[in-house]
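In: could you work out the structure for the sequence below:
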Amino acid sequence: MNFDDLRVLVAQGESECLEFKETTGQRGDGAKAACAMLNGQGGYVLFGVTDKGEIRGQQVTARSQEDVDRELRRIEPPAFPAIEVIPVQGDRSVIVLRVTGSNQGPYTYDGRPYLRQGPQTLPMPRGRYEQVLLERLHGTQRWENEAVPTGVDVQDLDHEEIRRVLNAAVQRGRMEQPLEQNIPSILRGLGLMRDGVLLQAAIALFGKSEHLQGLFPQLSLRLGRFRGLSRLASFEDNRRYWGNAFQLLQRAENFLLDHNPIASRVLPKREREDLPTYLPAVTREALANALCHRDYAQASGSLALAMYDNRLEITNPGGLHFGLTPQALTTPHESRPWNPLIAGVFYRAGIIESWGSGTVRMLESCRAAGRPLPTWENEPEGLRLVLPCSVATPEVTPEVTPEVTPEVLALLVHCREPRSRKELQALLGLKDPDHFRVAYLQPALEAGLIEMTIPDKPRSSSQKYRATKIGKPVVNQKSS
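Out: This is a model prediction of the structure:
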């Protein structure tokens, strides 16, 4: 660096990456700034420049350089910023510390960590310090690659799910067919067992036994449908499940099937097109990302899905790491999964695609469908995805009304509230179940005028039927 380079640098003004100190008498504060930059993106500390950006320089001797070097040795772990002396006028010079950001932190000065916030050097909050420390150790020490507790073994896993993942991975060319197809061999191939030791990632992905719930309470999912715009509103539906990642993904998707409003429109040739408020491809990607990137080390943590009248929120504990910001999620970005073993199995199973592209694909899907774009918020409780409600259920058009047969209309009148098949038959005075199914029930279901209350279990003894948001206006119109 020469004097002209120095002037250009100083003209930028103090910032997160640039600190001015008038003399080396402020070397302690300068070392704190260097410590903070090591914990950030790096930068420069200049001795011989005033706070107002005036380049005065100072007399630089071997002693003054040694004093600065001695101060920097109070930074742990040891760091060695480059020191350069730039002559400015007469016998006066500026000492330039060039600091390179590092992932070896968190760094401390005199036992205390610091960070940069704009042009200020501040003590690092404890929570941030712990996060940086976790990120530093992440490559070798993290929840998913720790050994399972004593008493937990391969028999506690869902073997059928493990084989399904293997078959899906082989079919997609994301894994070679192992010579031995016993469960331990498959787990080794997935990186979930090392040296005969089962890893906790295997529990998160395939855990099945009931006794695991007490050992791993964080493998849980909270689902809620609120009648309003906030959590202060009453519940329409409130569920909580425990299970492995594949089970929780299915539970969440079933919940969305129950509550995702479906609008319909009649196309030419009298075909009907369903328009879900929340695109299934987007919600599936969001849920899969949350399961892959959440912090499983939080024993009290839980993945949460909350649906309000105007939006859908998915929150996963742990938030963003490695300097990633919500804004960065909207563009192609480097992916450093917090749980690479879990994410790797989801990738092989075809649940997610290439790392770092999921959020971008969600945005592209919403744009292509003309839907509002999702946003991400890094909150204290974790990373929250917000999907705005986008499709209002349209009024039933005259094209739909003529297709309602007298039998279907008679059924709809009794489906304003959920009723069982036997209740509906009794109200209609019908004794033949086959006639009821063919002439009444099936046509109403196919027209989207009624729906099951338990769609994922059509033969459930608790199954009931209710009018949909499309069916209710038909009843009102025909009854008026």
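
In: give me the residue at the spatial middle of this structure.
Out: A290 (3.5 Å; Cα atoms, centre = their mean).

In: next one: that residue from F346, what distance?
Out: Distance, A290 to F346, using Cβ to Cβ, to the nearest Å: 11 Å. To be clear about C-beta, it is placed using only N, CA and C from the backbone, and glycine gets the same treatment.

In: quick check: neighbours shared by those two?
Out: Shared contacts of A290 and F346 (Cβ atoms under 8 Å, 6 or more residues apart in numbering): none.

In: wait, is A290 part of a helix?
Out: Yes: under DSSP: H, G, I helix; E, B strand; the rest coil, A290 sits within a helix.

In: for it, which non-adjacent residue is spatially closest?
Out: N316 (3.7 Å; Cβ to Cβ, 6 or more residues apart in numbering).

In: got it, and L229?
Out: Y308 (5.4 Å).

In: thought I470 was touching L449?
Out: Yes: here I470 reaches L449: they are 6.1 Å apart, a contact under Cβ atoms under 8 Å.

In: okay, these two: which has more neighbours?
Out: A direct count of neighbours by other Cβ atoms under 10 Å for I470 and L449 places L449 higher, at 25 against 22.

In: thought the more buried one was touching T405?
Out: No: using Cβ under 8 Å, L449 makes no contact with T405, being 10.6 Å away.

In: contacts only, for the residue nearest to A290.
Out: Applying Cβ under 8 Å, 6+ apart to N316 gives the contacts N289, A290, L291, H293, R294, D295, L303, A304, G382, L383.

In: domains for the protein, by residue range?
Out: 3-126, 138-394, 401-479 (automatic domain parsing).

In: pLDDT of the last one, averaged?
Out: Same thing as domain 401-479. Mean pLDDT, domain 401-479: 82.

In: around the residue nearest to L229, how many other residues sit close by?
Out: So Y308, with other Cβ under 10 Å, has 18 neighbours.

In: state the mean pLDDT of stretch 27-44.
Out: 93.

In: residues making contact with that stretch?
Out: 9, 15-19, 21, 24, 45, 47, 67-68, 71-72, 74-75, 79, 81, 96-102, 105-109, 113-116, 121-122, 124, 132, 323.

In: just the ones in helices from those residues, please.
Out: Among the contacts of stretch 27-44, the members falling in helices (DSSP state H) are L9, D67, V68, E71, L72, V132.

In: quick one: E161 from L190, how far?
Out: In this view, E161 and L190 are 12 Å apart by Cβ to Cβ.

In: try P119
Out: Using Cβ to Cβ, P119 is found at 48 Å from L190.

In: looking at these two, which is more packed in?
Out: L190 (24 against 15).

In: ok, back up a step: mark which of the contacts of stretch 27-44 are buried, thanks.
Out: Applying 16 or more other Cβ atoms under 10 Å to those, the neighbour count classes 9, 16-19, 21, 24, 45, 47, 68, 71-72, 75, 79, 81, 96-97, 99, 102, 105-109, 113-116, 121, 124, 132 as buried.

In: quick one on the thing from earlier: which two from the ones in helices among the contacts of stretch 27-44 end up farthest apart in space?
Out: Taking Cβ to Cβ as the measure, the ones in helices among the contacts of stretch 27-44 reach their widest spread between D67 and V132, a distance of 28.6 Å.

In: for A147, grab the count of nearby residues.
Out: 13.

In: so what pairs up with the residue lying closest to it once chain neighbours are set aside in the strands?
Out: The shortest distance from A147 to any non-neighbouring residue, by Cβ to Cβ, 6+ apart, is to V197 (4.8 Å). Under the criterion DSSP bridges, V197 forms beta bridges with R194.

In: distance of V197 relative to L411?
Out: Going from V197 to L411 by Cβ to Cβ gives 59 Å.

In: neighbour-wise, which of these two wins?
Out: A direct count of neighbours by other Cβ under 10 Å for V197 and L411 places L411 higher, at 29 against 9.

In: so where does the more buried one fall, helix or strand?
Out: Using DSSP states H and E, the element containing L411 is helix 406-413.

In: how distant is that helix from the center of its chain?
Out: Here the centre of helix 406-413 is set off from its chain's centre by 45 Å, with Cα atoms, centre = their mean, to the nearest Å.

In: stretch 6-18 too?
Out: 37 Å.

In: what residues of stretch 336-350 count as buried?
Out: Those would be 336-349, for stretch 336-350 by 16+ other Cβ under 10 Å.

In: again, but for stretch 238-251
Out: R239, Y241, W242, G243, N244, A245, F246, Q247, L248, L249, R251.

In: I'd like those as CSV, with secondary structure appended.
Out: Formatted as CSV, the buried residues of stretch 238-251 follow (three-state DSSP):
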residue, secondary structure
R239, strand
Y241, strand
W242, strand
G243, coil
N244, coil
A245, helix
F246, helix
Q247, helix
L248, helix
L249, helix
R251, helix
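
In: what is the burial count for the nearest residue to T50 once chain neighbours are set aside?
Out: Nearest non-adjacent residue to T50, counting by Cβ to Cβ, 6+ apart: E22, 5.2 Å away. Residues lying near E22 (other Cβ under 10 Å) number 17.

In: cool, and P374?
Out: Neighbours around P374, by other Cβ under 10 Å: 24.

In: distance of it relative to L363?
Out: 7 Å.

In: same thing with E381?
Out: E381 is 24 Å from L363, by Cβ to Cβ.

In: thought F235 was touching R222?
Out: No: the criterion here is Cβ under 8 Å, and F235 misses it with R222 at 11.5 Å.

In: hang on, the earlier thing: where's the residue nearest to A290 relative to L38, distance?
Out: N316 is 30 Å from L38, by Cβ to Cβ.

In: test my guess that L329 contacts T375.
Out: No: the criterion here is Cβ under 8 Å, and L329 misses it with T375 at 9.2 Å.

In: of those two, who's got more company?
Out: L329 (22 against 15).

In: hang on, the more buried one in a helix?
Out: Yes: under three-state DSSP, L329 falls within a helix.

In: need the nearest residue in space to it, chain neighbours excluded.
Out: Spatial nearest neighbour of L329, chain neighbours left out: T359 (4.3 Å); criterion: Cβ to Cβ, 6+ apart.
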